[in-house]
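Asks: Take a look and give me a structure for this.
(4 chains)
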2 protein chains.
Amino acid sequence: MPTPERTSLPDIVRVAGELLESEGLQGLTMQAVAERVGVRAPSLYKRLRNREELLALVQDAAVQDLGMRLDAVVREPDQDPRCALGELARTARQFAHERPAGFRLIFAPGAEGRLNPSSLAAASASVVRVAGQLAGDQHALEAARTVTAWINGFVSMELAGAFHLGGDVNQAFEFGIARLTEAIARPGE
Amino acid sequence: MPTPERTSLPDIVRVAGELLESEGLQGLTMQAVAERVGVRAPSLYKRLRNREELLALVQDAAVQDLGMRLDAVVREPDQDPRCALGELARTARQFAHERPAGFRLIFAPGAEGRLNPSSLAAASASVVRVAGQLAGDQHALEAARTVTAWINGFVSMELAGAFHLGGDVNQAFEFGIARLTEAIARPGE
DNA sequence: ACCTGAACACCGTTCAAGT
DNA sequence: ACCTGAACACCGTTCAAGT
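Replies: A predicted model of the protein is given here:
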């Protein structure tokens, strides 16, 4: 005899994402998620295998959200690639400030590499495109990796409080953007 | 009536660090540590407050170890600052390959910023010095942060498997070093 | 077909009792 | 002074029983 569904997988993932931000990774328990979607913990296992899979889904949702924001930046008409690169970096940083736990889940995952490759590729497309405009298509991937690594590292350290000892963090970010942009741009561009 | 000590705090921290690498963060349980040092779990609480404090001690030990390795690089006589910066970067990356879990604990800590400021300062001293030689003393801190952020970001992504899709990772690392070095060096130097 | 209570293994932590 | 077993609260997960 069928029972009406009281929740759904998207519902669960959304609630888990909210819980991640409000309570932290260790506050994201199966019981807390279950309570907020209106079922008991065992029912969650009808829709996902275990907590690890739930974390992977939350991570993937965050990657897709970030990717969409970056896409929107690049979609602006007639942009200078230098400006676009700066805007991409600032957008990623802003995302990290709004959803620090989600950002950490993307860029500092646990032991195993979850991270859906297709979502990752979609999220990096904008950066690769702009990096290619600056560095030339042959170096697009390397240049994009250099920039992505720097953004990730800078923001991770910022979130970890490693920059709390003196100096203007915004200024350091702009310094890094400017230097990085010149570093990857080929002389002609 | 005194009981002989069967372990010590340095012992506990060392074992916890080994366990972190071999079993991962979630394998680093109080019970596993206790078993390996030869006591029962409750005895650990005579020497530390809780698991979080143990993690902080393991993290600090890793920071100090990394800092000593970086110091050793800079201690080499009459070096070109460009070469020194590259060697610092490669040394940090090698540390991450040898002790990936320890590296992650340093650069991608949990929610709260533990991280002992004085250990952190000691570990960054070498990078700040070389960065200052390249960028000038006024920009030493910003330049060091730019480089540190990039190294952290690059290696974190490498450990997370984000680079597994094509391209030579070593080559990308050298590409990044070269570009970063030129990016922070002032024209004269 | 989905939901539930009960149960199990495991973990961090506390505490009274041992020596 | 340090160590221990017992206990508590909590968590992830399984499963038989409900509808």
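Asks: from here on, contacts and neighbour counts on C-alpha atoms
Replies: Will do.
Asks: mind checking which helix or strand A:Val155 is in?
Replies: helix A:140-159 (DSSP states H and E).
Asks: Start from the N-terminal end of chain A and give the helices.
Replies: Along chain A, the stretches classed as helices by DSSP state H are A:9-23, A:30-37, A:41-44, A:51-74, A:81-98, A:100-107, A:117-135, A:140-159, A:169-184.
Asks: Pull out the buried positions in the shortest one.
Replies: For helix A:41-44, a neighbour-count test (16 or more other CA atoms under 10 Å in any protein chain shown) marks A:Leu44 as buried.
Asks: wait, what's in contact with the closest residue to A:Ala96 other than its chain neighbours?
Replies: Once flanking residues are discounted, A:Ala96 sits nearest to A:Phe103: 5.3 Å by CA to CA, 6 or more residues apart in numbering or on different chains. Neighbouring residues of A:Phe103 by CA atoms under 8 Å, 6 or more residues apart in numbering or on different chains: A:62, A:95-96.
Asks: how close does A:Phe103 get to chain B?
Replies: From A:Phe103 across to chain B, the span is 11 Å (CA to the nearest CA, to the nearest Å).
Asks: Over to A:Ile106?
Replies: 9 Å.
Asks: ok now do that residue, which residues does it touch?
Replies: Listed by CA under 8 Å, 6+ apart, the contact partners of A:Ile106 are A:59-60, A:62-63, A:115.
Asks: Next, format those as a markdown table and append neighbour count, distance to A:Gly176 and pLDDT.
Replies: Listed next are the contacts of A:Ile106 as a markdown table, based on neighbours: other CA atoms under 10 Å in any protein chain shown; distance: CA to CA, whole Å; pLDDT from 0 to 100:
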| residue | neighbour count | distance to A:Gly176 | pLDDT |
| --- | --- | --- | --- |
| A:Gln59 | 25 | 27 | 95 |
| A:Asp60 | 23 | 28 | 95 |
| A:Ala62 | 21 | 25 | 96 |
| A:Val63 | 24 | 23 | 95 |
| A:Leu115 | 20 | 27 | 77 |
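Asks: The helix holding A:Val155 packs against which elements?
Replies: Contact here means 3 or more CA pairs under 8 Å, 6 or more residues apart in numbering or on different chains; DSSP states H and E; on that basis helix A:140-159 packs against helix A:81-98, helix A:100-107, helix A:117-135, helix A:169-184, helix B:140-159, helix B:169-184.
Asks: And the contacts of it?
Replies: A:89, A:92-93, A:96, A:100, A:104, A:107, A:127-129, A:131-133, A:135, A:163-164, A:173, A:180, A:184, B:107-108, B:145-146, B:148-154, B:156-157, B:172, B:175-176.
Asks: Can you flag the buried ones in those residues?
Replies: Neighbour-count burial (16+ other CA under 10 Å) is assigned, among these, to A:89, A:92-93, A:96, A:100, A:104, A:107, A:127-129, A:131-133, A:135, A:163, A:173, A:180, A:184, B:107-108, B:145-146, B:148-154, B:156-157, B:172, B:175-176.
Asks: can you list the residues of chain A near DNA strand D?
Replies: A:1-3, A:27-31, A:41-43, A:45, A:49-52 (CA under 7 Å from any atom of the strand).
Asks: thinking again about what came up before, what's the closest of the helices of chain A to B:Pro10?
Replies: helix A:140-159 (27.5 Å; CA to CA).
Asks: Where does pLDDT dip in chain A?
Replies: A:1, A:111-113, A:164-166, A:187-189 (pLDDT under 70).
Asks: still on that earlier bit, also compute the angle for the helix holding A:Val155 relative to helix A:81-98, please.
Replies: Inter-element angle recorded for helix A:140-159 and helix A:81-98: 40 degrees (by axes from the mean of the first three to the mean of the last three CA atoms, to 10 degrees).
Asks: can you give me the angle helix A:140-159 makes with helix B:100-107?
Replies: 60 degrees.
Asks: Kindly export helix A:140-159 (C-alpha atoms) in CSV.
Replies: Extracted C-alpha coordinates of helix A:140-159, given in CSV (Å, rounded to 0.1, in the frame of the first residue of the first chain):
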residue,chain,number,x,y,z
ALA,A,140,44.3,28.6,-21.6
LEU,A,141,44.2,25.6,-19.4
GLU,A,142,47.4,26.3,-17.5
ALA,A,143,46.5,29.9,-17.1
ALA,A,144,43.0,29.1,-15.8
ARG,A,145,44.5,26.7,-13.3
THR,A,146,47.0,29.3,-12.1
VAL,A,147,44.2,31.8,-11.5
THR,A,148,41.8,29.2,-10.0
ALA,A,149,44.4,28.0,-7.7
TRP,A,150,45.2,31.5,-6.5
ILE,A,151,41.6,32.4,-5.9
ASN,A,152,40.9,29.1,-4.1
GLY,A,153,44.1,29.5,-1.9
PHE,A,154,43.5,33.2,-1.2
VAL,A,155,39.9,32.7,-0.1
SER,A,156,40.6,29.5,1.8
MET,A,157,43.2,31.3,3.8
GLU,A,158,40.9,34.3,4.3
LEU,A,159,38.1,32.0,5.6
